[in-house]
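Asks: can't give you the sequence, but here's the structure:
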(Lines give C-alpha, C1' and ligand atoms only; values in the text may rest on other atoms or scores of the structure.)
Protein backbone atom coordinates (compact mmCIF):
# COMPACT_ATOMS: atom_id res chain seq x y z
CA UNK A 1 0.00 0.00 0.00
CA UNK A 2 1.23 3.55 -0.59
CA UNK A 3 2.07 5.92 2.23
CA UNK A 4 -1.06 7.76 3.35
CA UNK A 5 -1.39 10.95 5.30
CA UNK A 6 -3.88 11.25 8.15
CA UNK A 7 -5.45 14.27 6.40
CA UNK A 8 -6.54 11.84 3.65
CA UNK A 9 -6.95 8.58 5.54
CA UNK A 10 -9.22 9.84 8.33
CA UNK A 11 -11.90 11.39 6.04
CA UNK A 12 -11.83 8.31 3.79
CA UNK A 13 -12.23 5.99 6.77
CA UNK A 14 -15.13 8.14 8.01
CA UNK A 15 -16.91 8.18 4.65
CA UNK A 16 -16.54 4.41 4.23
CA UNK A 17 -18.11 3.77 7.62
CA UNK A 18 -14.96 1.94 8.68
CA UNK A 19 -15.26 -0.54 5.83
CA UNK A 20 -11.84 0.08 4.28
CA UNK A 21 -9.76 -3.06 3.92
CA UNK A 22 -6.86 -2.94 6.36
CA UNK A 23 -3.62 -4.96 6.39
CA UNK A 24 -2.33 -6.93 9.36
CA UNK A 25 0.43 -4.42 10.13
CA UNK A 26 0.02 -0.64 10.30
CA UNK A 27 2.60 1.95 11.29
CA UNK A 28 1.25 5.27 12.54
CA UNK A 29 4.10 7.76 12.45
CA UNK A 30 4.52 11.51 12.89
CA UNK A 31 4.81 14.35 15.36
CA UNK A 32 1.13 15.20 15.89
CA UNK A 33 -0.17 13.16 18.83
CA UNK A 34 -3.83 14.02 18.17
CA UNK A 35 -3.69 12.72 14.60
CA UNK A 36 -1.97 9.55 15.77
CA UNK A 37 -4.66 8.98 18.38
CA UNK A 38 -7.49 9.48 15.87
CA UNK A 39 -5.90 7.12 13.35
CA UNK A 40 -5.36 4.40 15.97
CA UNK A 41 -8.99 4.77 17.02
CA UNK A 42 -10.07 4.43 13.39
CA UNK A 43 -7.94 1.32 12.94
CA UNK A 44 -9.45 -0.38 15.99
CA UNK A 45 -13.03 -0.07 14.67
CA UNK A 46 -15.46 -2.19 16.70
CA UNK A 47 -12.95 -4.81 17.78
CA UNK A 48 -10.99 -5.19 21.00
CA UNK A 49 -7.88 -3.09 21.46
CA UNK A 50 -4.92 -4.01 23.62
CA UNK A 51 -2.27 -1.38 24.20
CA UNK A 52 1.33 -1.72 25.36
CA UNK A 53 3.75 0.96 26.48
CA UNK A 54 6.69 1.02 24.09
CA UNK A 55 8.96 2.24 26.87
CA UNK A 56 8.36 -0.89 28.96
CA UNK A 57 7.19 -3.78 26.75
CA UNK A 58 9.59 -6.40 25.42
CA UNK A 59 9.20 -8.64 22.40
CA UNK A 60 8.71 -11.76 24.53
CA UNK A 61 5.78 -10.05 26.27
CA UNK A 62 4.16 -9.25 22.94
CA UNK A 63 4.82 -12.35 20.86
CA UNK A 64 2.10 -14.59 22.32
CA UNK A 65 -0.52 -11.85 22.13
CA UNK A 66 0.18 -11.34 18.43
CA UNK A 67 -0.52 -15.00 17.76
CA UNK A 68 -3.70 -15.23 19.86
CA UNK A 69 -7.05 -14.10 18.45
CA UNK A 70 -9.65 -12.45 20.68
CA UNK A 71 -12.60 -14.56 21.83
CA UNK A 72 -14.81 -11.47 21.64
CA UNK A 73 -13.85 -10.01 18.27
CA UNK A 74 -17.49 -9.43 17.14
CA UNK A 75 -16.41 -9.92 13.55
CA UNK A 76 -13.43 -7.56 13.87
CA UNK A 77 -9.84 -8.46 14.56
CA UNK A 78 -8.34 -7.42 17.86
CA UNK A 79 -5.96 -4.49 17.46
CA UNK A 80 -2.66 -4.69 19.34
CA UNK A 81 -1.02 -1.29 19.67
CA UNK A 82 2.46 -0.44 20.90
CA UNK A 83 2.34 3.25 21.90
CA UNK A 84 5.45 5.44 21.78
CA UNK A 85 7.28 2.58 20.13
CA UNK A 86 10.47 4.31 18.93
CA UNK A 87 12.67 2.74 21.63
CA UNK A 88 10.87 -0.58 21.24
CA UNK A 89 11.67 -0.56 17.52
CA UNK A 90 15.34 0.21 18.19
CA UNK A 91 15.60 -2.58 20.76
CA UNK A 92 13.78 -5.24 18.73
CA UNK A 93 14.40 -4.27 15.12
CA UNK A 94 15.31 -7.80 14.02
CA UNK A 95 12.22 -9.42 15.54
CA UNK A 96 9.96 -6.73 14.10
CA UNK A 97 11.47 -7.05 10.63
CA UNK A 98 10.83 -10.80 10.71
CA UNK A 99 7.26 -10.30 11.94
CA UNK A 100 6.42 -7.68 9.32
CA UNK A 101 7.68 -10.06 6.63
CA UNK A 102 5.31 -12.82 7.87
CA UNK A 103 2.67 -11.34 10.20
CA UNK A 104 0.00 -13.28 12.01
CA UNK A 105 -3.52 -12.89 10.65
CA UNK A 106 -5.01 -13.38 14.13
CA UNK A 107 -4.69 -9.69 15.07
CA UNK A 108 -3.96 -6.29 13.62
CA UNK A 109 -0.59 -4.99 14.81
CA UNK A 110 -0.11 -1.21 15.10
CA UNK A 111 3.17 0.52 15.87
CA UNK A 112 2.95 4.17 16.96
CA UNK A 113 6.17 6.03 16.19
CA UNK A 114 7.32 9.60 16.41
CA UNK A 115 9.24 9.09 13.17
CA UNK A 116 10.34 6.35 10.80
CA UNK A 117 13.26 6.80 8.42
CA UNK A 118 12.50 5.90 4.80
CA UNK A 119 15.81 4.07 4.33
CA UNK A 120 15.05 1.36 6.92
CA UNK A 121 13.88 -2.18 6.16
CA UNK A 122 10.81 -1.71 8.34
CA UNK A 123 9.73 1.34 6.35
CA UNK A 124 10.23 -0.36 3.00
CA UNK A 125 8.43 -3.54 4.07
CA UNK A 126 5.47 -1.67 5.57
CA UNK A 127 5.06 0.56 2.52
CA UNK A 128 5.32 -2.44 0.16
CA UNK A 129 2.95 -4.85 1.87
CA UNK A 130 1.09 -3.06 4.66
CA UNK A 131 0.12 0.53 5.57
CA UNK A 132 1.96 3.60 6.82
CA UNK A 133 -0.18 6.54 7.98
CA UNK A 134 1.80 9.75 8.44
CA UNK A 135 0.54 12.05 11.18
CA UNK A 136 2.39 15.34 10.81
CA UNK A 137 0.50 18.62 10.82
CA UNK A 138 3.10 20.64 8.91
CA UNK A 139 3.09 20.89 5.11
CA UNK A 140 5.71 18.59 3.61
CA UNK A 141 6.55 18.45 -0.11
CA UNK A 142 8.00 14.94 0.14
CA UNK A 143 4.71 13.63 1.51
CA UNK A 144 2.59 15.78 -0.76
CA UNK A 145 1.03 17.53 2.21
CA UNK A 146 0.09 21.14 1.47
CA UNK A 147 -1.39 24.04 3.38
CA UNK A 148 -4.47 23.63 1.17
CA UNK A 149 -4.81 19.99 2.25
CA UNK A 150 -4.56 20.91 5.90
CA UNK A 151 -7.14 23.67 5.42
CA UNK A 152 -9.50 21.17 3.77
CA UNK A 153 -9.03 18.81 6.72
CA UNK A 154 -9.99 21.56 9.18
CA UNK A 155 -12.97 22.82 7.18
CA UNK A 156 -14.18 19.32 6.38
CA UNK A 157 -13.31 16.52 8.78
CA UNK A 158 -12.86 18.53 11.98
CA UNK A 159 -15.76 20.92 11.35
CA UNK A 160 -18.06 17.92 10.78
CA UNK A 161 -16.98 16.44 14.11
CA UNK A 162 -18.55 19.46 15.79
CA UNK A 163 -21.56 19.92 13.52
CA UNK A 164 -20.41 23.26 12.14
CA UNK A 165 -19.10 24.92 9.01
CA UNK A 166 -15.70 26.61 8.96
CA UNK A 167 -14.66 29.16 6.35
CA UNK A 168 -11.25 28.72 4.70
CA UNK A 169 -10.11 32.15 5.90
CA UNK A 170 -11.12 31.29 9.45
CA UNK A 171 -9.08 28.07 9.28
CA UNK A 172 -6.01 29.98 8.07
CA UNK A 173 -6.41 32.58 10.80
CA UNK A 174 -6.65 29.90 13.48
CA UNK A 175 -3.37 28.41 12.29
CA UNK A 176 -1.72 31.83 12.31
CA UNK A 177 -2.90 32.46 15.86
CA UNK A 178 -2.50 29.02 17.42
CA UNK A 179 0.08 27.14 15.40
CA UNK A 180 -0.17 23.79 13.62
CA UNK A 181 -1.05 21.39 16.44
CA UNK A 182 -4.30 19.72 15.40
CA UNK A 183 -5.51 19.06 18.95
CA UNK A 184 -5.34 22.72 19.87
CA UNK A 185 -7.01 23.77 16.61
CA UNK A 186 -9.82 21.26 17.15
CA UNK A 187 -10.38 22.54 20.69
CA UNK A 188 -10.84 26.09 19.44
CA UNK A 189 -13.14 24.99 16.61
CA UNK A 190 -15.26 23.14 19.17
CA UNK A 191 -15.51 26.33 21.26
CA UNK A 192 -16.42 28.42 18.22
CA UNK A 193 -19.16 25.98 17.21
CA UNK A 194 -20.99 26.79 20.44
CA UNK A 195 -21.34 30.43 19.35
CA UNK A 196 -23.04 29.53 16.06
CA UNK A 197 -26.54 28.38 15.21
CA UNK A 198 -26.72 25.06 13.32
CA UNK A 199 -25.87 25.63 9.69
CA UNK A 200 -24.08 28.95 10.25
CA UNK A 201 -20.46 29.36 9.21
CA UNK A 202 -17.57 30.23 11.49
CA UNK A 203 -15.83 33.11 9.72
CA UNK A 204 -12.63 35.04 10.30
CA UNK A 205 -14.44 37.81 12.19
CA UNK A 206 -15.74 35.33 14.78
CA UNK A 207 -12.26 33.85 15.17
CA UNK A 208 -10.85 37.32 15.82
CA UNK A 209 -13.58 38.11 18.32
CA UNK A 210 -13.69 34.87 20.31
CA UNK A 211 -10.27 33.26 20.02
CA UNK A 212 -8.26 36.46 20.22
CA UNK A 213 -10.14 38.12 23.11
CA UNK A 214 -7.87 38.98 26.03
CA UNK A 215 -5.25 36.64 24.62
CA UNK A 216 -5.06 38.67 21.42
CA UNK A 217 -4.76 41.88 23.41
CA UNK A 218 -1.93 40.37 25.43
CA UNK A 219 -0.12 39.36 22.24
CA UNK A 220 -0.35 42.98 21.09
CA UNK A 221 1.06 44.11 24.43
CA UNK A 222 3.97 41.70 24.00
CA UNK A 223 4.80 42.93 20.49
CA UNK A 224 4.45 46.56 21.58
CA UNK A 225 6.82 45.94 24.50
CA UNK A 226 9.29 44.11 22.25
CA UNK A 227 9.33 46.99 19.77
CA UNK A 228 9.78 49.52 22.60
CA UNK A 229 12.66 47.52 24.08
CA UNK A 230 10.72 46.90 27.30
CA UNK A 231 11.82 43.35 28.04
CA UNK A 232 10.34 43.32 31.56
CA UNK A 233 6.85 44.16 30.31
CA UNK A 234 7.09 41.64 27.45
CA UNK A 235 8.04 38.90 29.92
CA UNK A 236 5.23 39.87 32.32
CA UNK A 237 2.64 39.55 29.57
CA UNK A 238 4.19 36.30 28.33
CA UNK A 239 3.98 34.84 31.85
CA UNK A 240 0.30 35.80 31.97
CA UNK A 241 -0.41 33.73 28.85
CA UNK A 242 1.65 30.71 29.92
CA UNK A 243 0.11 30.76 33.39
CA UNK A 244 -3.31 30.82 31.69
CA UNK A 245 -2.55 27.47 30.06
CA UNK A 246 -1.09 28.54 26.70
CA UNK A 247 1.83 26.46 25.48
CA UNK A 248 4.97 28.13 24.07
CA UNK A 249 4.69 26.18 20.80
CA UNK A 250 1.26 27.78 20.29
CA UNK A 251 2.30 31.24 21.46
CA UNK A 252 5.27 31.64 19.13
CA UNK A 253 3.15 31.63 15.92
CA UNK A 254 0.85 34.24 17.43
CA UNK A 255 3.75 36.53 18.31
CA UNK A 256 5.46 35.75 15.00
CA UNK A 257 2.36 36.53 12.92
CA UNK A 258 2.86 40.27 13.42
CA UNK A 259 6.64 40.38 13.82
CA UNK A 260 7.09 38.45 10.57
CA UNK A 261 5.22 41.18 8.72
CA UNK A 262 7.48 43.81 10.25
CA UNK A 263 10.46 41.78 9.07
CA UNK A 264 8.98 41.46 5.59
CA UNK A 265 8.37 45.23 5.44
CA UNK A 266 12.01 45.81 6.36
CA UNK A 267 13.12 43.43 3.59
CA UNK A 268 11.02 45.39 1.09
CA UNK A 269 12.65 48.66 2.15
CA UNK A 270 16.18 47.25 1.91
CA UNK A 271 15.48 45.67 -1.48
CA UNK A 272 14.16 48.91 -2.91
CA UNK A 273 17.10 50.85 -1.50
CA UNK A 274 19.51 48.39 -3.09
CA UNK A 275 17.84 48.95 -6.45
CA UNK A 276 17.98 52.71 -5.98
CA UNK A 277 14.20 53.03 -5.99
CA UNK A 278 12.20 55.61 -4.08
CA UNK A 279 10.20 54.05 -1.26
CA UNK A 280 7.59 54.99 1.30
CA UNK A 281 7.39 53.10 4.59
CA UNK A 282 3.60 52.83 4.23
CA UNK A 283 4.01 51.08 0.87
CA UNK A 284 6.52 48.61 2.28
CA UNK A 285 4.19 47.83 5.18
CA UNK A 286 1.28 47.28 2.81
CA UNK A 287 3.43 44.99 0.65
CA UNK A 288 4.09 42.91 3.78
CA UNK A 289 0.35 42.24 4.18
CA UNK A 290 -0.67 44.99 6.61
CA UNK A 291 -3.51 47.01 5.14
CA UNK A 292 -5.80 48.48 7.80
CA UNK A 293 -4.96 52.12 8.57
CA UNK A 294 -4.68 51.56 12.31
CA UNK A 295 -2.40 48.55 11.78
CA UNK A 296 -0.21 50.52 9.36
CA UNK A 297 0.29 53.27 11.95
CA UNK A 298 1.11 50.67 14.63
CA UNK A 299 3.64 49.03 12.30
CA UNK A 300 5.29 52.37 11.47
CA UNK A 301 5.69 53.19 15.13
CA UNK A 302 7.08 49.77 15.98
CA UNK A 303 9.54 49.71 13.06
CA UNK A 304 10.92 53.08 14.12
CA UNK A 305 11.27 51.82 17.70
CA UNK A 306 12.96 48.60 16.59
CA UNK A 307 15.47 50.37 14.40
CA UNK A 308 16.87 49.07 11.13
CA UNK A 309 19.34 46.57 12.59
CA UNK A 310 16.88 44.74 14.84
CA UNK A 311 14.07 44.87 12.28
CA UNK A 312 16.36 43.34 9.67
CA UNK A 313 17.10 40.41 11.98
CA UNK A 314 13.47 39.61 12.78
CA UNK A 315 13.00 36.95 10.08
CA UNK A 316 16.16 34.90 10.81
CA UNK A 317 15.49 35.13 14.57
CA UNK A 318 11.91 33.93 14.09
CA UNK A 319 13.05 31.02 11.92
CA UNK A 320 15.69 29.99 14.46
CA UNK A 321 13.19 30.08 17.33
CA UNK A 322 10.63 28.06 15.35
CA UNK A 323 13.13 25.33 14.42
CA UNK A 324 14.49 25.01 17.94
CA UNK A 325 11.03 25.00 19.54
CA UNK A 326 10.07 22.07 17.31
CA UNK A 327 13.39 20.30 17.88
CA UNK A 328 15.96 20.73 20.64
CA UNK A 329 13.64 22.78 22.89
CA UNK A 330 10.36 20.95 22.43
CA UNK A 331 10.27 19.50 25.96
CA UNK A 332 8.26 21.17 28.70
CA UNK A 333 10.38 23.69 30.55
CA UNK A 334 12.90 24.06 27.76
CA UNK A 335 10.17 25.43 25.49
CA UNK A 336 9.35 28.22 27.94
CA UNK A 337 13.01 29.04 28.42
CA UNK A 338 13.48 29.33 24.66
CA UNK A 339 10.48 31.63 24.26
CA UNK A 340 11.64 33.87 27.09
CA UNK A 341 15.14 34.05 25.60
CA UNK A 342 13.61 34.87 22.23
CA UNK A 343 11.57 37.75 23.72
CA UNK A 344 14.65 39.05 25.54
CA UNK A 345 16.69 38.98 22.34
CA UNK A 346 14.03 40.89 20.42
CA UNK A 347 13.38 43.42 23.18
CA UNK A 348 17.04 44.27 23.75
CA UNK A 349 17.63 47.89 22.90
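Replies: Looks like it arrived, so ask away. Only a predicted model underlies this, so the values are computations on that prediction, with no experimental measurement involved.
Asks: any idea what the nearest residue to residue 83 once chain neighbours are set aside is bridged to?
Replies: Distance criterion Cβ to Cβ, 6 or more residues apart in numbering; nearest residue to residue 83, sequence neighbours excluded, is residue 112 at 5.0 Å. Heads up, the C-betas are built off the backbone N, CA and C, glycines and all. Beta-bridge partners recorded for residue 112 (DSSP bridges): residue 28.
Asks: neighbours around residue 112, how many?
Replies: Residue 112 has 24 neighbouring residues, counting by other Cβ atoms under 10 Å.
Asks: my read: it touches residue 84, true?
Replies: Yes - using Cβ atoms under 8 Å, residue 112 makes contact with residue 84 at a distance of 6.4 Å.
Asks: am I right that residue 36 sits in a strand?
Replies: No - counting by DSSP: H, G, I helix; E, B strand; the rest coil, residue 36 is not found in a strand; it is helix.
Asks: do you know the pLDDT at the residue nearest to residue 83?
Replies: With respect to pLDDT, residue 112 scores 94.
Asks: now do the contacts for residue 259.
Replies: Residue 259 makes contact with 223, 226, 314, 318, 346, according to Cβ atoms under 8 Å, 6 or more residues apart in numbering.
Asks: redo that, cut-off 10 Å
Replies: 222-223, 226-227, 252, 302, 306, 311, 314-315, 317-318, 346 (Cβ atoms under 10 Å, 6 or more residues apart in numbering).
Asks: between these, which is closest to residue 69?
Replies: residue 252 (47.7 Å; Cβ to Cβ).
Asks: okay if I get the contacts of residue 259 as JSON lines plus distance to residue 140, neighbour count and secondary structure?
Replies: Listed next are those as JSON lines, based on distance: Cβ to Cβ, whole Å; neighbours: other Cβ atoms under 10 Å; DSSP: H, G, I helix; E, B strand; the rest coil:
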{"residue": "222", "distance to residue 140": "30", "neighbour count": "27", "secondary structure": "helix"}
{"residue": "223", "distance to residue 140": "29", "neighbour count": "23", "secondary structure": "helix"}
{"residue": "226", "distance to residue 140": "31", "neighbour count": "30", "secondary structure": "helix"}
{"residue": "227", "distance to residue 140": "33", "neighbour count": "25", "secondary structure": "helix"}
{"residue": "252", "distance to residue 140": "20", "neighbour count": "21", "secondary structure": "helix"}
{"residue": "302", "distance to residue 140": "33", "neighbour count": "19", "secondary structure": "helix"}
{"residue": "306", "distance to residue 140": "33", "neighbour count": "24", "secondary structure": "helix"}
{"residue": "311", "distance to residue 140": "31", "neighbour count": "22", "secondary structure": "helix"}
{"residue": "314", "distance to residue 140": "25", "neighbour count": "23", "secondary structure": "helix"}
{"residue": "315", "distance to residue 140": "21", "neighbour count": "17", "secondary structure": "helix"}
{"residue": "317", "distance to residue 140": "24", "neighbour count": "16", "secondary structure": "helix"}
{"residue": "318", "distance to residue 140": "20", "neighbour count": "19", "secondary structure": "helix"}
{"residue": "346", "distance to residue 140": "29", "neighbour count": "24", "secondary structure": "helix"}
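Asks: before we move on, back to that, correct me, but the residue nearest to residue 83 touches residue 32?
Replies: No - counting by Cβ atoms under 10 Å, residue 112 stays clear of residue 32, with 11.7 Å between them.
Asks: which element is residue 51 on?
Replies: For residue 51, the element it lies in under DSSP states H and E is strand 49-53.
Asks: that strand - what's its average pLDDT?
Replies: The model assigns strand 49-53 a mean pLDDT of 87.
Asks: same check, this time on stretch 161-175
Replies: pLDDT averaged over stretch 161-175 gives 91.
Asks: next one: that stretch to chain centre, how far?
Replies: Relative to its chain's centre, stretch 161-175 lies at 15 Å (Cα atoms, centre = their mean, to the nearest Å).
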